[in-house]
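Novice: How does the following fold in three dimensions:
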Amino acid sequence: MSISDLFDSGFKKRNEDHFAAIVRVAMDDGVISDDEKAFLDRLARNLDISEGEYKNILKDYQSHPINPPTSYDNRLERMYDLARMVHVDRIKGTGEDVLLKKIGVGLGFRPDNVKYIVDKALTLVSNGVDLDTFIDEMKHMNR
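Specialist: Below you'll find the predicted structure:
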């Protein structure tokens with residue numbers, strides 16, 4: 001096995017675990033709504049999750065560990081990616097907002113601050129900022 005194969009399998013596994021953690025958040029109330037399903041479908045495509053892997057994760061999402069990023073920058077990167085997806089797909093409505101807040105908590109953001117973080121993330125992304133600007137603005141939003 002080459003180093004690139006090892007990297008690819010590790011990267012793929014992290015994507016699957018990340019996707020499974022988001023499925024777990026979506027299943028928090030026991031049901032995946034149509035809006036949540038559409039969001040998960042887009043996320044699976046973006047994370048390169050195959051249809052078979054998608055079905056297996058939906059069936060057995062609890063067997064995947066929840067590994068929120070330990071680094072604040074990595075949490076912000078994931079929030080940036082998710083906020084961009086919500087923005088690009090022009091997803092609107094309380095269902096997506098609620099799911100994004102749940103995912104924010106799952107990523108390790110504090111529940112008492114996640115609404116502000118999600119709102120700020122969506123605003124920055126809608127203003128077209130790049131990742132570096134996003135991270136800088138998010139880190140300095142409490143000043």
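Novice: Three-state assignment for Phe109, please.
Specialist: Secondary structure, DSSP: H, G, I helix; E, B strand; the rest coil: Phe109 is coil.
Novice: My error: substitute Asp48 in the last question.
Specialist: coil.
Novice: Contact partners for Ile32?
Specialist: 23, 26, 40, 58 (Cβ atoms under 8 Å, 6 or more residues apart in numbering). Placement of C-beta: from N, CA and C, glycine included.
Novice: The helix or strand hosting Leu124: which residues count as buried?
Specialist: Assigning secondary structure by DSSP states H and E places Leu124 in helix 114-126. For helix 114-126, a neighbour-count test (16 or more other Cβ atoms under 10 Å) marks 114, 117-118, 120-122, 124-125 as buried.
Novice: if I pick the spatially most central residue of the chain, what's in contact with it?
Specialist: By Cα atoms, centre = their mean, the chain has its centre lying nearest to Leu82, at 4.8 Å. Going by Cβ under 8 Å, 6+ apart, Leu82 touches 43, 100, 103, 121.
Novice: how close does it sit to Leu47?
Specialist: With the distance defined as Cβ to Cβ, to the nearest Å, Leu82 ends up 11 Å from Leu47.
Novice: circling back to that earlier point, element containing the residue nearest to the centre of the chain?
Specialist: Using DSSP H and E, Leu82 falls in helix 72-88.
Novice: from the middle of its chain, how far away would the helix or strand just after that helix be?
Specialist: Helices and strands here follow DSSP H and E; after helix 72-88, the next one along the chain is helix 94-106. The chain centre lies 9 Å from the centre of helix 94-106; the measure is Cα atoms, centre = their mean, to the nearest Å.
Novice: in helix 94-106, what's buried?
Specialist: Neighbour-count burial for helix 94-106 [16+ other Cβ under 10 Å]: 96-106.
Novice: Okay then, goodbye and thanks.
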